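1. dropping the sequence and predicted coords here.
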Protein chains: 2
Amino acid sequence: KNLFKPLPKVANNPENPVTQVKVKLGKMLYYDTRLSRSNIISCNSCHNLARYGVDNTPTSVGHKWAIGPRNAPTVYNAALHIAQFWDGRAKDVEEQALGPILNPIEMGMPTKERVVKVVKSIPEYVELFKKAFPNDSDPVKFENIGKAIGAFERTLMTPSRFDEFLNGNTNALTKKEKRGLKTFISVGCAGCHNGPAIGGTMFMKFGQVEEYWKETYPYVLKESPAIKVDFGRFGVTKNKADMFVFKVPSLRNIAETYPYFHDGSVWKLEDAVRIMAKTQLGKDLTDQQVEDIVAFLKSLTGKLPEDALKTPVLPPSTDKTPKPEF
Amino acid sequence: KNLFKPLPKVANNPENPVTQVKVKLGKMLYYDTRLSRSNIISCNSCHNLARYGVDNTPTSVGHKWAIGPRNAPTVYNAALHIAQFWDGRAKDVEEQALGPILNPIEMGMPTKERVVKVVKSIPEYVELFKKAFPNDSDPVKFENIGKAIGAFERTLMTPSRFDEFLNGNTNALTKKEKRGLKTFISVGCAGCHNGPAIGGTMFMKFGQVEEYWKETYPYVLKESPAIKVDFGRFGVTKNKADMFVFKVPSLRNIAETYPYFHDGSVWKLEDAVRIMAKTQLGKDLTDQQVEDIVAFLKSLTGKLPEDALKTPVLPPSTDKTPKPEF
Ligand SMILES: [Ca+2]
Ligand SMILES: [Ca+2]
Ligand SMILES: [Ca+2]
Ligand SMILES: [Mg+2]
């Protein structure tokens, strides 16, 4: 099928070549809680690599227990997307990585300078930045933190049985999964969820046929009767046509990255699939169709790269390292 | 020297034999944030195995950003101690592990039943409990969570060059480190810090010669002029003789487990050593003595067990799993 593509080994970026030492450094930074003001939050806190790159909560908890407005998407395969965040406001993983560090409700660092000061205070990091950015006269700079973490994320690919199938092994999927794939295409899902990440290739309105909250309202509770309506990409472009427009998310590992949607409102994959058919295609799926699609989607659960799960031993702080602030 | 002993491979407990499957299960539970009410805090949040088993903050942050009263000691080699916690209120790592899960300012679980419900809702865990506790008619029970985590902790030994030295290789330590070791013994440190963990063998008053806060007061800040005075083991026994008595901590990996003391008040190892000499022995060490002792203490930084650092991929929740509560 031309709609999909097997995952590459690495999601390359000519502007930020993926080298071994950069990936090593990026992985250390990814796991290092000292990139946060409190010294207790790392990228891995919200994008737990042992839980398929997510925190499995509706919306994430950050600095001082601030509760954010959106669900944390997985970092696995994210480097392949046309842009980063639900609203696409960062162009790539390199740019994206710098956001949460300074975000007051995520890692809460007050300034770029403070972040650089932390890294500069740790000699092992200074050495690694020099090696990772050999042609840079000032290697330990804020942008290079993003490049190192970005390079690491570019290695976070999770091939699954579906890739074997795409590579020609028709037995890699069960009968039911193949039926699900057919339904996924014939019903119209693949019109939006396509490419190597089965998503991440375009922006589309959530609620093509009717406002999305008309379908998610059953998830409103007596105890919390108000829901926030998220304007999506409109917040970035201020273009009315972008109201309620979101990046079409990747469906790789989707069975593991519950809860679903930008607000994490829906916990069951079956429900998410039904809501999609209704809001995006105006269709009511049969139970059999839902079951088959879900079976197909489960075949997208991939193998997590072993090296990413080996937590690096992190070098100690020094007297120069700014102290944690809660 | 009879004062010390090389580390064992495993800190055995006849009441809770260390088996491979129990360790595997215990490691998963150790890393699993679902043992907390919010689903974002695991044992590893405060005892980061990639940072020598600590969080490197003065006192820990728990559920709803509650800030606790004590510094988190390392889990590495802890199973060897005569008792657990600064005040020794838990008899072993098996008993200890159950404390933080229900502690409202740590993992914040409301009841044992809720914890068991979480684990029972995940079929992969049920299977592993059956295998880890084959003779138990009710394997998935609260106590067995402690036994599994405890068994994992019993494998967290970190042998260092000092063990090679104790095993007869006199070249394993440098000249300076050996001088430091001699000073450590002759000055009187080893009277309290001894055994295989270089500590953890007894309870002693912090402030033998004078109240400990008379030495730590320089760390009191204009912005926070009041310090909490911790009564230590008195809180457990209500025996006046136990006022300000604490378990003598292990000095294994001490250079990595800053900040120091039960309140995490002191960041520099040199300062901690000087304070110890003063409060516990009534001595003022020379700069040379401090330097040598610190050199010796650094030789106690060990090799972290590789397997512990391989984060296990955690099984997904199911419809029956209680949802996170913030
Ligand atoms: Ca999600
Ligand atoms: Ca400490
Ligand atoms: Ca002094
Ligand atoms: Mg017990």
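-> Arrived safely, thanks for sending. Ligands and ions are numbered 1, 2, ... in the order given.
2. those residues of chain A touching ligand 1, which are they?
-> Taking C-beta under 5 Å from the ion, the part of chain A that reaches ligand 1 is made up of A:71, A:257. Where C-beta positions appear, they are placed from N, C-alpha and C, glycine not excepted.
3. for chain A, where's the lowest mean pLDDT among helices and strands?
-> Using mean pLDDT, DSSP states H and E, the weakest-scoring helix or strand in chain A turns out to be helix A:213-216, at a mean of 82.
4. which residues sit against that one?
-> Identification of contacts with helix A:213-216 by C-beta atoms under 8 Å, 6 or more residues apart in numbering or on different chains yields A:207, A:227, A:229, A:261, A:263, A:265-266, A:275, A:278-279.
5. in PyMOL, how would I select just the buried ones from those residues?
-> The following PyMOL line selects those of these that are buried, judged by 16 or more other C-beta atoms under 10 Å in any protein chain shown:
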select buried, chain A and resi 207+261+263+265+266+275+278+279
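6. same list, the contacts of helix A:213-216, but as a markdown table with pLDDT please.
-> Shown next, in a markdown table, are the contacts of helix A:213-216 (pLDDT from 0 to 100):
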| residue | pLDDT |
| --- | --- |
| A:Gly207 | 94 |
| A:Ile227 | 76 |
| A:Val229 | 86 |
| A:Phe261 | 96 |
| A:Asp263 | 93 |
| A:Ser265 | 92 |
| A:Val266 | 94 |
| A:Ile275 | 95 |
| A:Lys278 | 95 |
| A:Thr279 | 95 |
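7. please point out which parts of the least confident helix or strand of chain A sit buried.
-> Buried, per 16+ other C-beta under 10 Å, within helix A:213-216: A:213, A:215-216.
8. stretch A:133-146 too?
-> Across stretch A:133-146, burial judged by 16+ other C-beta under 10 Å covers A:133, A:139-141, A:144-146.
9. output the residues you listed as CSV; include the columns pLDDT, distance to A:Thr57 and secondary structure.
-> Formatted as CSV, the buried residues of stretch A:133-146 follow (pLDDT from 0 to 100; distance: C-beta to C-beta, whole Å; DSSP: H, G, I helix; E, B strand; the rest coil):
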residue, pLDDT, distance to A:Thr57, secondary structure
A:Phe133, 98, 35, coil
A:Pro139, 98, 36, coil
A:Val140, 98, 33, coil
A:Lys141, 97, 33, coil
A:Asn144, 98, 31, helix
A:Ile145, 98, 26, helix
A:Gly146, 98, 25, helix
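10. quick check: residues of the stretch 201-326 of chain A near chain B?
-> A:255-256, A:258, A:267-268, A:304, A:306, A:309-314, A:316-317, A:319, A:323-324, A:326 (C-beta under 8 Å from any C-beta of the partner chain).
11. what of the stretch 51-200 of chain A?
-> A:51, A:55-58, A:61, A:64-65, A:67.
12. which members of those residues are the farthest-apart pair?
-> A:Arg51 and A:Lys64 (23.2 Å; C-beta to C-beta).
13. A:Pro100 and B:Phe142, how far apart?
-> In this view, A:Pro100 and B:Phe142 are 36 Å apart by C-beta to C-beta, to the nearest Å.
14. circling back to that earlier point, C-alpha coordinates for the least confident helix or strand of chain A, CSV please?
-> C-alpha atoms of helix A:213-216 as CSV (Å, rounded to 0.1, in the frame of the first residue of the first chain):
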residue,chain,number,x,y,z
TRP,A,213,-17.4,18.0,22.0
LYS,A,214,-20.8,16.8,20.9
GLU,A,215,-19.2,13.4,20.8
THR,A,216,-16.9,13.6,23.8
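15. please tell me how far that helix is from the chain's geometric centre.
-> With C-alpha atoms, centre = their mean, to the nearest Å as the basis, helix A:213-216 stands 24 Å off its chain's centre.
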